[in-house]
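# have a look at this prediction, sequence included:
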Amino acid sequence: MRWFLHGAAALGVALVAGILVFTGGHVHGLHAQETGVLSGMVTAWPRAPVEREGVPTPARPMAGVKIIIYGPEGQEKAAAVSDREGRYRVELPPGAYRLVMAPGAHRFSKDLPAQITIAPGRETRRDIRVDTGMRGPQQR
C-alpha cells in the first residue's frame, strides 16, 4: 500500500510537470491574465507617380517600420517592427492602446495615430499604408 501511494504521488507530479511543459509553462485559468494579439501589414503606396485607370498598382510591403504602442496613460507599452514581408505582430494584455509610427523616419500614414482595443484571446488587425509621397502631374 505504501509503495502504491508513493507511485501515485510520483505519477501526479509527472502529470503536472507534463502539463506545464505541454502548455509552455503557462497555467491557464489560474489568475493568469490572457493576452490578445495586435497584427498587421505595413505597405507603401502609391508605387508609381501615375496610375492608369483600371490597372491597379499593388502596394509594396515595407520592412523595418517601427510601430510604438502606448497605454492609456501615455506610457510606451511595447513596440513592433515590420519584417521583410511588411508583417508585424505583438502580444499585449487586454486594454486600450494608441499606435504611433516611430518618429524620424520621414514617413506619413493616414492610418496612424490610431486607437485600438485588445481583447483577451483575440487578434486585432491594423494594416498601415505608408504614403510614398509620389504624385502625378496636376490634371487641368
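Ah, there it is.

# would you map out the domains in the chain?
Structurally, the chain divides into domains by automatic domain parsing as follows: 1-30, 36-131.

# format those domains as CSV; extra columns: mean neighbour count and mean pLDDT.
No exception for glycine: its C-beta is placed from N, CA and C like everyone else's. Converted to CSV, the domains of the chain look like this (neighbours: other CB atoms under 10 Å; pLDDT from 0 to 100):
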stretch, mean neighbour count, mean pLDDT
domain 1-30, 9, 44
domain 36-131, 15, 92
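
# let me see the ranges of the strands in this protein.
Under the criterion DSSP state E, the chain contains strands at 36-45, 60-61, 66-70, 76-81, 87-92, 95-101, 114-118, 123-125, 128-131.

# can you give me the angle the fifth one makes with strand 76-81?
Between the axis of strand 87-92 and that of strand 76-81 there is an angle of 160 degrees, by axes from the mean of the first three to the mean of the last three CA atoms, to 10 degrees.

# sorry, back to before: relative to Gly54, which of the strands of the chain is closest?
Closest approach to Gly54 among those is made by strand 36-45 (17.2 Å; CB to CB).
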